[in-house]
Structures are given as structure tokens and as C-alpha cells.
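K.L.:
dropping a prediction and its sequence here:
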Amino acid sequence: MLDIRFVRENPEIVKENIKKKFQDDKLPLVDEVIALDEERRDTQKKADELRSNRNKISKEIGALMAQGKKEEGMALRQKVKEQADELEELSKKETELNERVTTIMMTIPNIIDDSVPIGKDDSENVEIQKYGEPVVPEYEIPYHTDIMDKFNGIDLDAAGKVAGNGFYYLMGDIARLHSAVLAYARDFMINRGFTYCIPPYMIRSAVVDGVMSFAEMDAMMYKIEGEDLYLIGTSEHSMIGKFIDTITPEAELPKTLTSYSPCFRKEKGAHGIEERGVYRIHQFEKQEMIVVCKPEESKIWFDKLWQNTVDLFRSLDVPVRTLECCSGDLADLKIKSIDVEAWSPRQKKYFEVGSCSNLSDAQARRLKIRVKGENGNYLAHTLNNTVVAPPRMLIAFLENNLQEDGSVLIPEPLRMYMGGVDKIVPTK
């Protein structure tokens, strides 16, 4: 969320940013919120004047009563009552205006970084760099659920009966591999200096409003009926929420945390062959990383975060590439985002396995995440990035390690988490 003062002083910059994000329907909101803010400030000024005047008159009433001038005192008391009624109306108006301004401000997108390429959607994202040599073997690579099925490792039919479409049972070696990847990712991040955390899997609406845009919330979040609670779509939500309404001494920054959680999302994804299986699902598990830092350090941390994901996948010998997300593909709170995509030898193309985002002070402003500096308090910057998100990561792993005989090689870093085996063998 932007600072209202910035919008007031730089309306054309805000409008130009909206155009760059191809959200022209939001352009009228800029003038509307500026007008509402002016009315709000005027109302607040009148209310403050009445409060001050009421206090002054109250003292005069006391003095008159002490002097025995009861009639004059009663006249002033009637004036105070009239002003109290007026003040009550102004206070109601002030509250209503505050809510309207806040609602609009939470809809106006954050100012994107100057380095972000301009484009309408993810089809215009820009490739930055490839890591590792993508290989297409001479033998056929089956669809990922067919690979898993050879190991008796997945049951979508039973999951459909129990929970519906978008859920799954993982079993045997595939389930163990799933857990091994998460355990390896956890230790990988701990070894890079991040503090491991298991967060709450539900968050209150105040945190939801603080960490994402309204559009994201509608598309993603499951609401707990009868409770002020939502299931998290990613542990980033509760991890950033951990710092709500806090003031952290500057010397204690940055806060670098890596967290495990299940994730729950309403979205099922687009139609098509690549949307079946376990690519887009309602429930999955993820290892995440978040950073809370000083504003001048957020760009440095941004590059460190996405590099962590690249390094992890390369340590398992999975080829990846990085993509710069264009303006139209950025969620409203983000100023810059890079996707990490893994190579799919079956599809002969890359697909997304992680996303790194810099949100500058947008979440911090909403959640009041502040830093205590030498010259006073200021808003922190927040960043997040996916370490790994199986079972999607399993798709890349299985395809890139599948052998012609149907076995799957286990890279050396994962073997200690798989009981020491160097490969798993299909049962069918």
C-alpha cells in the first residue's frame, strides 16, 4: 500500500504506474482518493477544533459556576451539548472517510521498480539466465502421475472420493521422496544462515489484508466458517504476519527465516493436459524463505533469495532458468519479482517451480512493521521466495532423474534423507 501523501503529491506518477500494469480501470481511483483524503483532513480539522473548543468552554463553565454565575454557566453547557452532537456527526463521517480511503489505497498498486519490463501478462516475462544443460533423453518420459503410478506412489481416485478434485495420496517411495526434498531444503536454508520456523497454518483477516491484495485473497484463500480465520495459501502469510505491529531495533535486522507449512488454495488452475495430476492442486507443502530488512538492503536480499532457489535445484542437478516478471504479471503489492523455472524433458520446456518477490514497504505499511533507527522509526521492507514446493518440484525431479529402465536416480545430497539408497525402483 502506498503512502497517501505520496499519492497526493505525485498523482501522475501513480497513474502512470497503473497504466504500466494495464489496470486502466483503476485510474479514476487516484483522483477519487485524493478528493476523499482532502475531505477527510478537513473533517478531522473541524473535529479537532470542536474538541479543543469544548475543552476550553468546559473550563469556562467551571469558572462561572465557581463565581456563582449559574445562568451563564448553563447557557455555555447547552452550547457544549450542541457541539457534542456536531462532533459525534463529524466523528462518524471521519470514520467513514477513513474506511473509504483505506479501501481505495489497498486497491491502488505499488510502484514497480524501474528495472521491471513492461508487459501485459506472463507471456511477456523476460528470460534472464539458464543454469545447467537441459537434456531430452532418447527414451520417452511419461507424464508425472504415470511415473509415480509405476511406484504405486499416488492415488488420485481415492483422494477424489475423500476430498474431491485437486487432492492426492502420495505413498511409498514417492511419499518418502517428497519428505526428503523438504527436509533437504530445510537444512539447505539453515546452512545458509536462515532460522527454521514452523508457523500457524491459519491467520486472522487483519493479517490477510496486510499480506496480499483483494484479488489474490478472492482467488486463493479458504475462509473458516464462523471464525475470523483463513487457511494460509503459503507460509509467507503467517511469517510476515509474525511481525505485525512491531518495532524492531535496527541492529537486529535483517530477519531471515525459512519456514515449512502445508498450503491451501482455492484455485485449481487453467484447463488443459498440464493441469491434471499434481501440478495445480488445492493442497501442497512448501519450504519458504522470508526477509525483513532495512529499505536500502532489500535489493541485495532480493538477489540472494532467488539465487538460493537456483543453487538448491542445481545441487540436485535439475536445470533451471530465471524469468523477470513483467509489469502486468506482478501482484499489486510487489515492486519486482523473478520466477525460477525447472526444465521438463517431457514437455521440452521450462515450468515454474518458485517465485521471488520484493514488496518494499507495502506489507509493512499495512501491518505496521517498523524499524527503530537512530533518527526515529521507519517502515521495514519485506521479501519472500519459494525454496521448494513439492509435489510440483517432484515433477521436475522425477523427469530429470528418470532412467530408461524406469528407475529414478537419487542425487548424493538426498541420499541421507532416503535411507542411503542411490535409486528407487518401480514396483510395476
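P.N.:
Noted; the coordinates are in hand.

K.L.:
C-alpha only now, for contacts and for neighbours.
P.N.:
Will do.

K.L.:
which residue is the nearest non-sequential neighbour of Ala331?
P.N.:
Excluding the flanking residues, the one nearest Ala331 by C-alpha to C-alpha, 6 or more residues apart in numbering is Ser213, at 7.4 Å.

K.L.:
ditto for Met239
P.N.:
Pro199 (6.5 Å).

K.L.:
any idea how far the closest residue to Val425 other than its chain neighbours lies from Lys336?
P.N.:
Residue nearest to Val425 in three dimensions, not counting chain neighbours: Ser407, with 4.6 Å by C-alpha to C-alpha, 6+ apart. According to C-alpha to C-alpha, to the nearest Å, Ser407 stands 40 Å off from Lys336.

K.L.:
more neighbours, those two?
P.N.:
Lys336 (27 against 18; other C-alpha atoms under 10 Å).

K.L.:
which residues in the stretch 301-428 of the chain form helices?
P.N.:
Using DSSP state H, counting those that start in this stretch, the helices of the stretch 301-428 of the chain run over 362-367, 392-401, 412-415.

K.L.:
ok, the chain next?
P.N.:
Applying DSSP state H to the chain gives helices spanning 4-9, 11-20, 27-66, 70-105, 144-150, 156-162, 172-190, 205-211, 214-220, 235-241, 298-315, 362-367, 392-401, 412-415.

K.L.:
so where is this protein shaky, pLDDT-wise?
P.N.:
54-82, 268-276 (pLDDT under 70).

K.L.:
what's the neighbour count on Val421?
P.N.:
Val421: 14 neighbours (other C-alpha under 10 Å).

K.L.:
if I look at the nearest residue to it once chain neighbours are set aside, how far off is Ile424?
P.N.:
If the residues on either side of it in the chain are set aside, Val421 comes closest to Arg415, at 5.7 Å by C-alpha to C-alpha, 6+ apart. Between Arg415 and Ile424 the distance is 11 Å, computed by C-alpha to C-alpha.

K.L.:
and if you look at Ser298?
P.N.:
42 Å.

K.L.:
just Tyr184 next, same as before
P.N.:
Relative to Ile424, and taking C-alpha to C-alpha, Tyr184 is found at 17 Å.

K.L.:
repeat for Gln283
P.N.:
25 Å.

K.L.:
likewise for Ser357?
P.N.:
From Ser357 to Ile424 the distance is 35 Å (C-alpha to C-alpha).

K.L.:
who are the contact partners of Ala185?
P.N.:
Contacts here follow C-alpha atoms under 8 Å, 6 or more residues apart in numbering; on that basis Ala185 touches Gln287, Leu312, Val387, Val388.

K.L.:
more neighbours: which of Ser357 and Ile424?
P.N.:
Set side by side, Ser357 and Ile424 show more neighbours around Ser357, with 25 against 17, by other C-alpha under 10 Å.

K.L.:
ok, now how distant is that one from Asp122?
P.N.:
For Ser357, the distance to Asp122 - C-alpha to C-alpha - is 15 Å.

K.L.:
for Gly160, same thing?
P.N.:
Relative to Asp122, and taking C-alpha to C-alpha, Gly160 is found at 31 Å.

K.L.:
one more: Ala342?
P.N.:
Ala342 sits 16 Å away from Asp122, taking C-alpha to C-alpha as the criterion.

K.L.:
looking at these two, which has the bigger crowd around it?
P.N.:
Using other C-alpha under 10 Å as the criterion, Ala342 and Asp122 rank with Ala342 on top: 28 against 15.

K.L.:
skipping its backbone neighbours, what lies nearest that one in space?
P.N.:
Val320 is the one closest to Ala342 (C-alpha to C-alpha, 6+ apart), at 4.3 Å.

K.L.:
tell me the bridge partners for the one you found.
P.N.:
Tyr131, Ala342 (DSSP bridges).

K.L.:
so it touches Phe313, yeah?
P.N.:
Yes - if you go by C-alpha atoms under 8 Å, Val320 and Phe313 touch, sitting 7.2 Å apart.

K.L.:
ok, now how distant is Glu225 from Ile338?
P.N.:
In terms of C-alpha to C-alpha, Glu225 sits 35 Å off from Ile338.

K.L.:
ugh, wrong one, Gln83
P.N.:
56 Å.

K.L.:
so the two - more neighbours on which side?
P.N.:
Set side by side, Gln83 and Ile338 show more neighbours around Ile338, with 26 against 17, by other C-alpha under 10 Å.

K.L.:
go ahead and confirm the more buried one touches Glu324.
P.N.:
Yes - the pair Ile338 and Glu324 passes the contact test of C-alpha under 8 Å, sitting 4.7 Å apart.

K.L.:
ok, the closest residue to Pro426 other than its chain neighbours - contacts?
P.N.:
Spatial nearest neighbour of Pro426, excluding adjacent residues (C-alpha to C-alpha, 6+ apart): Phe151 at 4.4 Å. When contacts are counted by C-alpha under 8 Å, 6+ apart, Phe151 is found next to Gly172, Asp173, Ile174, Val425, Pro426, Thr427, Lys428.

K.L.:
could you redo the last one with a cut-off of 7 Å?
P.N.:
The neighbourhood of Phe151, defined by C-alpha atoms under 7 Å, 6 or more residues apart in numbering, consists of Pro426, Thr427, Lys428.

K.L.:
identify, from those residues, the entry nearest to Arg365.
P.N.:
Pro426 (51.9 Å; C-alpha to C-alpha).
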